[in-house]
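[1] fold the following.
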Amino acid sequence: MILILIMYNKIVKKLRNSNLKKITLKRQRFIDYYDGNAAETAIKAGYKKKHADITGCKLLKIPEIKEAIKKREETNPAKISNILNREGRQGFWTTVLNDPEVEMKDRLRASELLGRSCGDFFDRVKIEVGTALDDFTPDELSRISAGEDTPAGIIAKRGAIEIEYKENGNENDR
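    Numbering: from 1, shown residues only. Prediction:
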């Protein structure tokens, strides 16, 4: 009997000295709700608002809680990036392309998207800006040569739409 009590006391001392903290219901809710903001998560988990920031910080320092949050984030499909990178998209399109049960139009579209992602196709746009010196007036040419304006500036001014702004009321009321 004495031997059992001695063993029991040793076990209790070890447990008290260890850093193991029991995961209570509130702590489990903290783990489940944690989204990066410890104070808000502590409030959601049921801790008092008054000390939520301190409580949240303390909870994040407990190794078991840290580990549980890390494990949850690794296995949570919402946390795993559902935005495919280029290789992921290409893999998906390749799977669709090679699946004989998929309709031909969808397979062709997958082929096209796969080709575009690899740079097989280019959308060519031809832009022609051809303004001859004959298109400028002598006054415009003198401003260009004096460095007072640029050909692009003059062309932009020609295409500009003048908008007249009026304040509320009559012009005579100003």
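[2] just after the helix or strand hosting Leu114, pick out the following helix or strand.
    Applying DSSP states H and E as the criterion places Leu114 in helix 104-117. Downstream of helix 104-117, the first helix or strand assigned by DSSP H and E is helix 138-145.
[3] could you dump that following helix to PDB, C-alpha only?
    Output of helix 138-145 as PDB, limited to C-alpha atoms (Å, rounded to 0.1, in the frame of the first residue of the first chain):
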ATOM      1  CA  PRO A 138       3.700  75.200 -88.900                       C
ATOM      2  CA  ASP A 139       2.800  76.500 -85.500                       C
ATOM      3  CA  GLU A 140       2.800  73.000 -84.000                       C
ATOM      4  CA  LEU A 141       6.100  72.200 -85.700                       C
ATOM      5  CA  SER A 142       7.700  75.300 -84.200                       C
ATOM      6  CA  ARG A 143       6.500  74.300 -80.700                       C
ATOM      7  CA  ILE A 144       7.900  70.800 -81.200                       C
ATOM      8  CA  SER A 145      11.200  72.100 -82.400                       C
END
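[4] what packs against that helix?
    Using 3 or more CB pairs under 8 Å, 6 or more residues apart in numbering; DSSP states H and E, the elements in contact with helix 138-145 are helix 151-159. Bear in mind the C-beta positions are built from the backbone N, C-alpha and C, glycine included.
[5] which helices and strands sit right next to the helix holding Leu114?
    In this structure, helix 104-117 packs against helix 86-98, with contacts taken as 3+ CB pairs under 8 Å, 6+ apart.
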